[in-house]
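Novice: missing the sequence, but the structure's below:
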Ligand SMILES: Nc1ncnc2c1ncn2[C@@H]1O[C@H](COP(=O)(O)OP(=O)(O)OP(=O)(O)O)[C@@H](O)[C@H]1O
C-alpha cells in the first residue's frame, strides 16, 4: 500500500464515530533526535489493535505521547473526542478514568499485595469504602483468571504470567473502555503468551474493551489482533487487518510478515490461506 493510500484511509476513518483515539500529524523530538514526524493513526471502539515496528522506532514514545506523558511539538491527539493537551483538569481526570495501562515491565508496586495494587487507581480516582474496594478488586482478580489466593500475594511471589495478569487486573480497575498494553506477552513462554492473548480476546468480546497493544509477538498479531499498525520512518506507515500486512510491498512489513518466524506461526487455516494468497500477489 502506498503512503497516500494510508493517508486517505486515515482521512476516511476520521469521520467514523467508532474512532476513540485519533492521532493526526504528531511530531515528537527529544532535543535534536526526531522520533515521530507527521504521525497519524486511529484506534476504533471494540478492536484489538496491534502496534508493531522495528526496535527503537518509537512505539513506546507514541504510546506515552497519547497518554500525555511525553510532550509533542506538533499535531493533535484526541481520546474519546477530547484533546488531552487542551483539556481542563476535570476533563483530563474524566479521560484518565476511561483508560487503563499495562506498562512493559508490569510495573506492580513490589511493597503492595495484588489486591492493594489493583486498588491503587481506585484510591486515586474514586471515593469508595475499603469493603467495596476489596470486593471490586476480587472481581478483577477473577476476571483475569487469577486464583482468589493471589489477592494477598506480593509481586515477588508471582510467576511472570501471574504478574502480567495482576497488572492487567490493575489496568482494569476503573472499568476502562480501552487498555494500552506495552509488550504484554514479552517474557512469557508460548503457552502463557497464548493464554494471555485468549484472555484479551475474551475481554474484548465480553466487555467490549478496546485494546492498543504494542507487541513483537507474531502469534498475537496473527491470532488476536483485529487490525495492525506499523510504525516506521517516524510515522505509521500502514494500518489495517492482517491481510493488508500480508499484501503490503513495504520492505519492512514484507520481511516481518513473510519472514521465517512469521511462517512458523501461520497455523490456522485462515492464516495459511491468507499467506498463500499474499504469496501469489
Ligand atoms: N525520554 C526520552 N528521552 C530521550 N530519548 C528517548 C526518550 N524516550 C525514548 N527515547 C528514544 O526514542 C527512540 C524510540 O524509543 P521507543 O522506546 O519508543 O522505541 P520502541 O519502538 O518502543 O522500541 P522497542 O521495540 O525496542 O521497545 C529511542 O531511540 C529512544 O532512545
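Specialist: Nice, thanks for sending it over. Owing to the predicted nature of the structure, the values given are computational and were not obtained by experimental measurement.
Novice: burial count for residue 120?
Specialist: 15 (other Cβ atoms under 10 Å). To be clear about C-beta, it is placed using only N, CA and C from the backbone, and glycine gets the same treatment.
Novice: chain center to whichever strand or helix holds it, what's the gap?
Specialist: Per DSSP states H and E: residue 120 is located in helix 114-125. Helix 114-125 has its average C-alpha position 21 Å from the chain's average C-alpha position, going by Cα atoms, centre = their mean, to the nearest Å.
Novice: cool, and stretch 204-221?
Specialist: In this view, stretch 204-221 has its centroid 6 Å away from the chain centroid, taken as Cα atoms, centre = their mean.
Novice: flag every buried residue along that stretch.
Specialist: 204, 209-221 (16 or more other Cβ atoms under 10 Å).
Novice: cool, and stretch 157-165?
Specialist: In terms of neighbour count (16+ other Cβ under 10 Å), stretch 157-165 has its buried residues at 158, 161-165.
Novice: state the mean pLDDT of it.
Specialist: For stretch 157-165, mean pLDDT rounds to 89.
Novice: who's in contact with that stretch?
Specialist: The contact list for stretch 157-165 (Cβ atoms under 8 Å, 6 or more residues apart in numbering) reads 102, 106, 108, 114, 144-146, 150, 155, 166, 184-185, 187-188, 192, 195-196, 199.
Novice: now, of those residues, which are buried?
Specialist: Those of the contacts of stretch 157-165 that meet the buried threshold are 102, 106, 108, 114, 144-146, 150, 155, 166, 184-185, 188, 192, 195-196, 199, by 16+ other Cβ under 10 Å.
Novice: so which of those residues are in strands?
Specialist: In this view, the buried ones among the contacts of stretch 157-165 that belong to strands under DSSP state E are residue 102.
Novice: in its sheet, what does whichever helix or strand residue 49 is part of sit against?
Specialist: Using DSSP H and E, residue 49 falls within strand 48-52. Applying DSSP bridges, strand 48-52 is found paired with strand 210-214 (parallel), strand 227-232 (parallel).
Novice: would you turn the ones you listed into JSON lines with distance to the ligand and mean pLDDT?
Specialist: Formatted as JSON lines, these follow (distance: least, Cβ to the nearest ligand atom, whole Å; pLDDT from 0 to 100):
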{"stretch": "strand 210-214", "distance to the ligand": "6", "mean pLDDT": "95"}
{"stretch": "strand 227-232", "distance to the ligand": "7", "mean pLDDT": "94"}
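Novice: which residues in the stretch 151-281 of the chain form helices?
Specialist: With DSSP state H, counting those that start in this stretch as the criterion, the stretch 151-281 of the chain has helices at 160-171, 190-207, 218-223, 242-247, 251-258, 260-265, 269-280.
Novice: quick one: which of the ones you listed is nearest the ligand?
Specialist: For the ligand, the closest of those is helix 251-258, at 12.3 Å, according to Cβ to the nearest ligand atom.
Novice: and the closest one, which residues are buried?
Specialist: In terms of neighbour count (16+ other Cβ under 10 Å), helix 251-258 has its buried residues at 252-253, 256-258.
Novice: same for the ligand: which of those are within range?
Specialist: Applying Cβ under 6 Å from any ligand atom, the subset of these adjacent to the ligand is empty.
Novice: can you list these in TSV and add pLDDT?
Specialist: Listed next are those as TSV, based on pLDDT from 0 to 100:
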residue	pLDDT
252	90
253	91
256	89
257	89
258	87
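Novice: ok, and what's touching stretch 175-186?
Specialist: Under the contact criterion Cβ under 8 Å, 6+ apart, stretch 175-186 has outside partners 20-21, 43, 45, 59-60, 63, 66-67, 80, 97-104, 164, 168, 171-172, 192-193, 196-197, 200, 207-217, 219-220.
Novice: who's in contact with the helix or strand harbouring residue 133?
Specialist: Here residue 133 sits within helix 130-143, counting by DSSP H and E. For helix 130-143, contacts defined as Cβ under 8 Å, 6+ apart pick out 114-115, 118-119, 122-123, 128, 148, 150-151, 166, 169-170, 172-173, 203.
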